[in-house]
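1. no sequence for this one, just the structure:
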């Protein structure tokens, strides 16, 4: 029995969201060796457009580059060249994939290719976060994929389901939306079990739950339902809920834009703010500190402001951009810790811009990572 013949998923309220990551799988965009097909993209593009009209932001994680590349060349892969072939096909297909999305979306699309090193290296992680944030601010639609052309197996981020969960945390998304060729999660594989029942809500993860979702994905993609649950689990740990639904049903996409989900809703493991603040409170800080004057301390503590260079007196010891550091109040015989957060600048840079206006950062450093030394979203009081 096919998933379409099994009991339908009823409507449930989708949690309110302002920013989401939408993952679209190869099964919706590619047809075996025939390359990219438009059958499902019109409904998905309409959902994106409706979301934008409601003032929401979307980052799309899109599969399909390798499938698109394979459709361009007809030659058989050389023996033992699986990695090189996949990388070559990704390079060929990525251009096709971006043009394909732009055909259907009203807003400009922007290609963003990420690697494992981008997520592991704190400086590059922050750069990727800042770039995606600026693209969203400018009203574009970032299309994210793994940079398969340079990735190697031992450093790959993995399937695009998990990449989408990583990106959701990277951009501080409210929701992770995973569109595929199935309606949602079932208590067993509906393709071989006529009595499979829909699972409309997941509040926690067990080995039995993950095992029940084991099984291959489509011929065009690399992930099945288990990888989607693993991605949802990763997102849940970051305080982000996940919706699993069919990207082939226009009525499901229309309902989704109206705040109703026909699919599976995976609850977050806590609020996004709570999870991030907990990390900032408990992650080990670097030995260094940023020294602030009473005015800056008051703005940070009492007004919930970001830390600007004008209220900074200097920096102690050494730390790098992306490190968690302490903020210490200095002045009138007082020296005490008031907060901690992720510094956008190294200790050397902080010393050079301390006491200056944010607009002077470029002239002082020759570059800038934004007008704040620590953004309020990356800061907790101590």
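-> Done, it's in. This is a predicted model, so every value here is computed, not measured.

2. For the stretch 251-382 of the chain, which segments count as strands?
-> Using DSSP state E, counting those that start in this stretch, the strands of the stretch 251-382 of the chain run over residues 260-266, 289-292, 312-316, 324-331, 334-342, 379-381.

3. Pipe those into a markdown table and attach mean pLDDT and mean neighbour count per row.
-> Yep, even glycine has a C-beta here, placed from its N, CA and C like the rest. Converted to a markdown table, those look like this (pLDDT from 0 to 100; neighbours: other Cβ atoms under 10 Å):
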| stretch | mean pLDDT | mean neighbour count |
| --- | --- | --- |
| strand 260-266 | 96 | 24 |
| strand 289-292 | 96 | 24 |
| strand 312-316 | 96 | 19 |
| strand 324-331 | 92 | 20 |
| strand 334-342 | 90 | 17 |
| strand 379-381 | 92 | 18 |
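
4. and stretch 236-248, how far from the chain's centre?
-> Stretch 236-248 sits 12 Å away from the centroid of its parent chain (Cα atoms, centre = their mean, to the nearest Å).

5. From the opening residue of it to its closing one, how far?
-> With Cα to Cα, to the nearest Å applied, stretch 236-248 spans 25 Å between its terminal residues.

6. repeat for stretch 253-262
-> Stretch 253-262 has an end-to-end distance of 9 Å (Cα to Cα).

7. coming back round to it: how about the strands of the stretch 251-382 of the chain, which one is nearest residue 194?
-> Between residue 194 and the strands of the stretch 251-382 of the chain, the tightest spacing by Cβ to Cβ is seen for strand 260-266, at 19.7 Å.

8. From the contact counts, what lies against the closest one?
-> If you count contacts as 3 or more Cβ pairs under 8 Å, 6 or more residues apart in numbering; DSSP states H and E, strand 260-266 packs onto strand 11-13, strand 201-202, helix 225-237, strand 241-246, helix 250-257.

9. Quick check: which of the ones you listed is buried the most?
-> Comparing the helices and strands packed on strand 260-266 by mean neighbour count (mean count of other Cβ atoms under 10 Å), strand 241-246 ranks first with a mean of 25.

10. picking that back up, between the helices and strands packed on strand 260-266, which one is nearest to residue 332?
-> helix 225-237 (43.1 Å).

11. mean confidence for the closest one?
-> Regarding helix 225-237, the rounded mean pLDDT is 90.

12. Distance check, residue 306 against residue 125.
-> The gap separating residue 306 from residue 125 is 19 Å, by Cβ to Cβ, to the nearest Å.

13. returning to what we had before: take the helices and strands packed on strand 260-266 and write them to CSV, including distance to residue 109.
-> CSV is the format used below for these (distance: least, Cβ to Cβ, whole Å):
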stretch, distance to residue 109
strand 11-13, 30
strand 201-202, 32
helix 225-237, 23
strand 241-246, 22
helix 250-257, 19
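
14. got the strands of the stretch 251-382 of the chain as a markdown table, with distance to residue 206 columns?
-> Listed next are the strands of the stretch 251-382 of the chain as a markdown table, based on distance: least, Cβ to Cβ, whole Å:
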| stretch | distance to residue 206 |
| --- | --- |
| strand 260-266 | 13 |
| strand 289-292 | 43 |
| strand 312-316 | 47 |
| strand 324-331 | 33 |
| strand 334-342 | 34 |
| strand 379-381 | 32 |
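
15. Show me the one of those that comes nearest residue 30.
-> The minimum distance between residue 30 and the strands of the stretch 251-382 of the chain falls on strand 260-266, with 21.7 Å, by Cβ to Cβ.

16. Tell me which strands that closest one pairs with, and in which orientation.
-> strand 11-13 (antiparallel), strand 201-202 (parallel), strand 241-246 (antiparallel) (DSSP bridges).
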